[in-house]
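Chemist: turn this into a structure:
(one chain, ligands or ions: 1)
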Amino acid sequence: MQKFIVTGGQPLNGEVQIAGAKNAVLKLMAAAALTDDPCVLYNVPRISDVAILRETMSDIGFEVKRTDDDALEIRASSAEWLFVPLEAAMKMRASFILLGPLLSRFGRVIISNPGGDRIGRRPVNLHVEAMTAMGAEVEYKNGYYFAHAPQGRLRGAVIEFPYVTVMGTENALLAAVLAQGTTVIENAAREPETDDLVGMLCAMGAHIERPAEHRLEIEGVDRLRGVTHRVIGDRLEAGTFAIATAITGGDVTMRGIDPRHLAAFLAVLECMGVPHETDGADGGSLRIHSAPGYRPADIETEPYPGFATDLQAPLAVLMTQADGMSTIHETIYEDRLEYVTELNKMGAVIEVLDDRHARIAGPTPLHGREVEISDLRAGATLVLAALAASETSVISGVEHVDRGYEQIESKLVGLGAQIHRIDA
Ligand code: EPU
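Modeler: Next comes the predicted model:
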């Protein structure tokens with residue numbers, strides 16, 4: 001077990017390179033399973049979720065190797081066993097993204113139910129229903145889905161999701177590109193990470209159109225080819241560093257992102273009185289230079305292009321420093337306010353009204369405390385609070401942060417923060 005020791009109160013200044021997006025790269029790795037040609041991904045973040053998927057894909061029989069510091073080569077010429085075990089699903093929910101490509105390419109797979117986690121129930125019924133609509137037979141037994149395509153190949157279908165599901169859309173997409181005939185996905189996600197996947201699949205030879213914002217139309221093909229593809233920058237890592245800058249009163253430029261992906265988040269920062277400048281599009285930058293006296297805000301999380309649920313908890317830290325009452329309405333998950341207990345220990349005054357609503361009074365000074373991380377974004381939230389706190393904080397559960405943030409402490413140290421990791 002490792003812990004972060006953070007001494008707050010230092011303004012962050014300088015420049016930071018944002019890594020490739022976790023929520024894109026995992027799906028791009030899964031896409032590489034659709035062809036026997038090699039695929040090379042660039043801008044691959046060094047995070048533990050990538051390591052877990054890499055190991056899971058290697059166990060299946062694919063060759064997955066780092067060819068450069070930021071490059072990953074995947075060659076899925078043959079599969080030894082079409083099995084995704086419980087061990088992988090327990091470590092990372094996103095292992096379920098292998099359902100669509102394995103079923104579509106090889107005609108069968110046995111895959112563990114990833115189950116719920118600390119932020120909500122997170123069922124996978126919509127992923128399974130999408131496969132069934134495409135003709136798969138899926139049986140659930142002892143915690144595993146046994147799925148197969150009766151004629152060896154899935155067939156196109158109309159899939160109407162009742163609400164937007166990001167990985168549900170991506171699993172359906174990964175299955176549909178090799179299915180026979182046309183698939184239409186209604187209420188499809190339009191997250192930048194989903195579009196990154198669409199871009200890679202099209203480069204591989206897939207036929208995908210987005211005739212309306214939330215509709216995807218896919219004409220299945222017989223074969224896909226290998227590609228080289230650069231993963232988009234991580235808007236959630238950038239958002240986290242933006243808040244770190246604002247709460248410490250610093251001036252930081254984040255490079256390697258498309259600032260347009262942060263439009264809803266930046267609109268909230270604007271309302272709160274956090275000055276910022278953006279430059280360029282893909283491969284662009286965002287500069288935050290703080291000014292004293294933030295205003296409160298009311299936010300509601302939504303699928304893209306709305307305010308991202310993954311930045312809800314981090315923003316709560318900034319809200320504790322605003323002058324007045326802020327409110328949060330979490331619409332995506334039923335249990336994503338768990339971080340509040342730990343934040344209140346540090347001096348925040350946050351009232352949880354029910355599973356989805358919270359009210360945050362500000363400004364309240366934050367203090368160094370011993371706190372524990374419950375999930376990835378709650379981890380980033382506690383690190384942010386510790387950077388803003390007077391005194392030293394001891395934060396345990398750092399493995400949750402390593403799932404999605406590449407070398408968070410060395411990047412923060414590079415900007416002037418006092419943070420280090422210890423073995424405990
Ligand atoms: N849902 C169902 N049934 C399903 C699938 C989803 O009821 O079969 C529900 C979920 O329980 C949730 C809602 O639909 O209430 C939306 O969930 P979604 O499927 O969109 O989430 P996801 O695809 O599992 C991805 C990200 C999450 C991010 C959400 C929402 C990845 C690997 N994960 O999850 O990222 O919060 O979209 O934007 O892409 C994170 O990075 O910290 C993280 C949790």
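
Chemist: give me the neighbour count for residue 171.
Modeler: For residue 171, the neighbour count with other Cβ atoms under 10 Å is 27. Placement of C-beta: from N, CA and C, glycine included.

Chemist: burial of the closest residue to it other than its chain neighbours, as a residue count?
Modeler: In space, and not counting its chain neighbours, residue 171 is closest to residue 100: 3.9 Å by Cβ to Cβ, 6 or more residues apart in numbering. For residue 100, the neighbour count with other Cβ under 10 Å is 34.

Chemist: next one: residue 365
Modeler: Using other Cβ under 10 Å, residue 365 is surrounded by 12 other residues.

Chemist: that one in helix, strand or coil?
Modeler: Three-state assignment for residue 365 (DSSP: H, G, I helix; E, B strand; the rest coil): coil.

Chemist: how about the contacts made by the closest residue in space to it that isn't next to it in sequence?
Modeler: Sequence neighbours aside, residue 347 is the residue nearest to residue 365 in space, at 5.7 Å (criterion: Cβ to Cβ, 6+ apart). Going by Cβ atoms under 8 Å, 6 or more residues apart in numbering, residue 347 touches 320, 364-367, 389.

Chemist: quick revisit: so what touches the helix or strand that contains the residue nearest to residue 171?
Modeler: Residue 100 belongs to helix 99-106 when elements are defined using DSSP states H and E. With Cβ under 8 Å, 6+ apart as the test, helix 99-106 has contacts from 30-31, 33-34, 60, 76, 79, 82, 84, 108-109, 111, 127-128, 130-131, 136, 145, 147-149, 153-154, 170-179.

Chemist: looking at those, which are in strands?
Modeler: Counted as lying in strands by DSSP state E, out of those, are 84, 108-109, 111, 145, 147-148.

Chemist: and which of these is nearest to residue 334?
Modeler: Relative to residue 334, the closest of these is residue 145; by Cβ to Cβ it sits at 23.1 Å.

Chemist: measure stretch 67-79 end to end?
Modeler: 21 Å (Cα to Cα, to the nearest Å).

Chemist: my bad, stretch 390-409
Modeler: 18 Å.

Chemist: just give me how far that stretch sits from the chain centre.
Modeler: Centroid separation for stretch 390-409 versus its chain: 17 Å, with Cα atoms, centre = their mean, to the nearest Å.

Chemist: give me the mean pLDDT for it.
Modeler: For stretch 390-409, mean pLDDT is 96.

Chemist: buried sites along stretch 297-312?
Modeler: Of all the residues in stretch 297-312, those buried under the rule 16 or more other Cβ atoms under 10 Å are 297, 299, 301, 303-304, 306-312.

Chemist: distance between that stretch and the chain's centre?
Modeler: Using Cα atoms, centre = their mean, the offset of stretch 297-312 from its chain centre is 14 Å.

Chemist: likewise for stretch 81-88?
Modeler: The answer for stretch 81-88 is 22 Å, by Cα atoms, centre = their mean.

Chemist: let me know the average pLDDT across it.
Modeler: 94.
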